[in-house]
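Colleague: Dropping the sequence and predicted coords here.
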Amino acid sequence: MRFTPVGDSMTIGRSGDFTWRYRMWQHLDATFDGPFSIVGPRTELYDTEAGAPVSDAYGAPDFPAGARAHLAGWGEGWLHMAPVIADVVTAYRSDVLLVSLGLIDLGFYTDSGQTAENARAFITAARTANPHVRMVLLPVIPNIRAESDVPFAAECGRFNELLAKAVADLDEPSSPVLLASRPPGYDIHEDTYDGTHPGPSGEHALAGAFADAMHQAWGLGGPYVPRP
């Protein structure tokens, strides 16, 4: 089974991060019954000094080079991923997409309604490449901006409602779509390093949200257990 993580800055990570992608690889390596791979067109972390995704300085030296693949970008959202996902699924024969998108869209590019339409377009496009692709979507976790920007917080909440409706509308047995739960107890003041991007505890929480959704709905892997 071939997994592709898709996301924004919370998924690509920056130089020195472990990333939730590493935590997911650890989980699958320990619990998945059968062969698996993590696939995608990119492997790099974002280098804040260079202002570009050019770093391979992961916090975990045991993260295999072949498992670092992803489709994630600093400053990228549903708006950017919907037009390219079909080509990626075709090229890498993705079976499962683990998607964490939306915060950057709402913050800089599109309102909640437009963002939800881009999410629907993403799902449709992925299925043109693989009619049996599975998808797990993480709702937007409002960041520190939402604590002081009331309209932005409202847009985050409305988008999550629209995303849930999209999942209900578009889920189908041949190509299931899951809406993962927000990690219980996730605290942006404790689980992130800047109010947005996950630190180690946040990485475990995000990986756990995806892992538990797949295990509970599809029997893939096992319950998430944080590993060092």
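Modeller: Good, I have the coordinates.
Colleague: Show me the strands in this structure, by range?
Modeller: Secondary structure of the chain (DSSP state E): strands located at 2-7, 37-38, 45-47, 52-55, 71-72, 96-100, 134-138, 177-179.
Colleague: now those strands as TSV including mean neighbour count, mean pLDDT and distance to Ala205?
Modeller: Where you see a C-beta, it was placed from the backbone N, CA and C, and this is true even at glycine. Formatted as TSV, the entries for the strands of the chain read as follows, by neighbours: other Cβ atoms under 10 Å; pLDDT from 0 to 100; distance: least, Cβ to Cβ, whole Å:
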stretch	mean neighbour count	mean pLDDT	distance to Ala205
strand 2-7	25	98	14
strand 37-38	20	98	19
strand 45-47	21	98	20
strand 52-55	16	98	23
strand 71-72	26	98	17
strand 96-100	25	98	12
strand 134-138	24	98	11
strand 177-179	20	98	16
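Colleague: can you redo the ones you listed as TSV with distance to Gly219?
Modeller: Rendered in TSV, the data for the strands of the chain read as follows (distance: least, Cβ to Cβ, whole Å):
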stretch	distance to Gly219
strand 2-7	15
strand 37-38	19
strand 45-47	32
strand 52-55	34
strand 71-72	25
strand 96-100	13
strand 134-138	12
strand 177-179	13
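Colleague: of all those strands, which lies closest to Trp78?
Modeller: The stretch from these with the least distance to Trp78 (Cβ to Cβ) is strand 96-100; that distance is 8.7 Å.
Colleague: So which elements touch that closest one?
Modeller: Counting contacts by 3 or more Cβ pairs under 8 Å, 6 or more residues apart in numbering; DSSP states H and E, strand 96-100 is packed against strand 2-7, strand 134-138, helix 200-218.
Colleague: Would you agree Gly75 is in contact with Ile104?
Modeller: Yes. The pair Gly75 / Ile104 is scored as a contact, 6.0 Å apart, by Cβ atoms under 8 Å.
Colleague: Report the contact partners of the residue nearest to the spatial centre of the chain.
Modeller: Closest to where the C-alpha atoms of the chain average out (Cα atoms, centre = their mean) is Ser100, at 2.8 Å. If a contact means Cβ atoms under 8 Å, 6 or more residues apart in numbering, then Ser100 has Pro5, Val6, Gly7, Asp8, Met10, Thr11, Trp20, Leu138, Leu206 as its contacts.
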